[in-house]
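*Asks:* Give me a 3D structure for the following:
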Amino acid sequence: MEAPAYPAVHRDGVLCVRRPDTEWLSTGWNGGRRQAECAYNISVPEHWSRTDLETYTTERLEQAGFNDADRERPVLLTGVDIADARGAQYGSVTVYATAGISNPAALPMDPDEGQSGSDSSDDALTRPGTGTVNLIVGTTRALAPGALANLIAVAAEAKAATLLAETGFPGTTTDAIVVGHDPSGESVPFSGTGTEVGATTRACVREAVRASLQAHYADRTEQVPASVGEATHGVSTSEQATVFRPRDATTNAGDV
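*Replies:* Residues are numbered from 1 along each chain as shown. The predicted structure follows:
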């Protein structure tokens with residue numbers, strides 16, 4: 001197979017995705033835009049409780065031999081074994097995924113019914129488990145600022161569609177995404193699902209997430225939970241928002 005444009009290597013629980021002069025946009029704990037050669041996905045141990053994340057991630061990167069990691073690098077954290085990471089490539093896009101569903105986040109379309117046994121406490125959002133779906137997406141195209149941001153939405157939509165098909169849940173309580181592009185590549189103004197970048201991202205996310213799920217649960221006694229109530233941790237959104245019509249400035253019709 002052809003070498004990916006964003007090659008990756010993992011050791012000691014750390015996945016390193018590398019491409020020089022990449023601009024990254026991350027939804028992770030140290031999120032935002034970053035100019036760095038590498039993006040990382042770090043597997044944390046069960047019952048992990050560290051809160052000094054900058055210090056912790058630096059320690060883990062050094063222990064794994066990634067001593068060239070600069071401070072601007074985007075980093076994701078996961079309860080999934082990095083050995084279960086899988087990559088997929090197509091066209092200008094490469095995607096890496098780690099996927100586990102011990103902490104599902106359900107969104108019932110009838111909030112009054114919800115899912116029994118759901119844990120909606122704030123602590124449920126941070127407790128470590130064998131869950132989290134993390135994505136690192138890279139394209140060789142040069143994306144406009146809005147297109148780079150939109151690629152997160154495209155990847156999240158593809159992740160949710162894949163997880164719904166495979167597990168019945170659209171995500172977990174701790175999912176995160178990093179997207180990257182090559183500022184010196186072919187300029188692309190948009191990244192929607194109808195574009196080359198958007199369509200290939202969707203395909204790569206689907207294949208990488210599906211393959212990582214299969215790897216994660218292949219030799220485990222634990223299986224994908226059938227409901228939030230059966231999960232180790234998880235939440236079901238039972239709140240119901242109030243719907244209203246914005247006021248029409250011409251006719252003064254509307255609710256507020």
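
*Asks:* Could you look up the SS state of residue 156?
*Replies:* helix (DSSP: H, G, I helix; E, B strand; the rest coil).

*Asks:* buried set for stretch 21-41?
*Replies:* 22-28, 31, 34, 36-41 (16 or more other CB atoms under 10 Å). Heads up, the C-betas are built off the backbone N, CA and C, glycines and all.

*Asks:* where in the stretch 51-200 of the chain is pLDDT low?
*Replies:* Low-confidence segments of the stretch 51-200 of the chain (pLDDT under 70): 69, 113-130.

*Asks:* cutoff 90 now
*Replies:* 67-72, 110-131 (pLDDT under 90).

*Asks:* Which parts of it are helices?
*Replies:* Per DSSP state H, counting those that start in this stretch, the stretch 51-200 of the chain carries helices over the ranges 53-63, 145-167, 196-218.

*Asks:* Kindly export the shortest one (C-alpha atoms) in PDB.
*Replies:* Listed next in PDB are the C-alpha coordinates belonging to helix 53-63 (Å, rounded to 0.1, in the frame of the first residue of the first chain):
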ATOM      1  CA  LEU A  53      -2.300  17.600  31.900                       C
ATOM      2  CA  GLU A  54       0.600  19.700  30.500                       C
ATOM      3  CA  THR A  55       3.100  18.000  32.900                       C
ATOM      4  CA  TYR A  56       1.500  14.600  32.400                       C
ATOM      5  CA  THR A  57       1.600  14.700  28.600                       C
ATOM      6  CA  THR A  58       5.100  16.000  28.500                       C
ATOM      7  CA  GLU A  59       6.200  13.100  30.800                       C
ATOM      8  CA  ARG A  60       4.400  10.500  28.600                       C
ATOM      9  CA  LEU A  61       5.900  11.900  25.400                       C
ATOM     10  CA  GLU A  62       9.400  11.800  26.900                       C
ATOM     11  CA  GLN A  63       9.000   8.300  28.300                       C
END
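
*Asks:* quick one: buried residues of it?
*Replies:* Residues of helix 53-63 classed as buried: 56-58, 60-61 (neighbour count, 16+ other CB under 10 Å).

*Asks:* which strands and helices sit next to that helix?
*Replies:* strand 32-43, strand 75-78 (3 or more CB pairs under 8 Å, 6 or more residues apart in numbering; DSSP states H and E).

*Asks:* Which one, of those strands, ends up nearest to residue 198?
*Replies:* Closest approach to residue 198 among the helices and strands packed on helix 53-63 is made by strand 32-43 (19.8 Å; CB to CB).

*Asks:* For that closest one, give the mean pLDDT please.
*Replies:* Mean pLDDT, strand 32-43: 95.

*Asks:* Same check on stretch 217-232?
*Replies:* 84.

*Asks:* Now that stretch: buried residues?
*Replies:* 217, 224-225, 227-228, 231-232.

*Asks:* just stretch 191-201 next, same as before
*Replies:* 191, 195-201.

*Asks:* Name the residues that touch that stretch?
*Replies:* With contacts defined as CB atoms under 8 Å, 6 or more residues apart in numbering, stretch 191-201 is touched by 90-93, 95, 137, 139, 141, 143, 147-148, 150-151, 154-155, 157-158, 188, 190, 202.

*Asks:* Weed out the non-buried ones from the residues you listed.
*Replies:* 91-93, 95, 137, 139, 141, 143, 147-148, 150-151, 154-155, 157-158, 188, 202.

*Asks:* surely residue 176 meets residue 97?
*Replies:* No. With contact defined as CB atoms under 8 Å, residue 176 does not reach residue 97; the gap is 11.4 Å.
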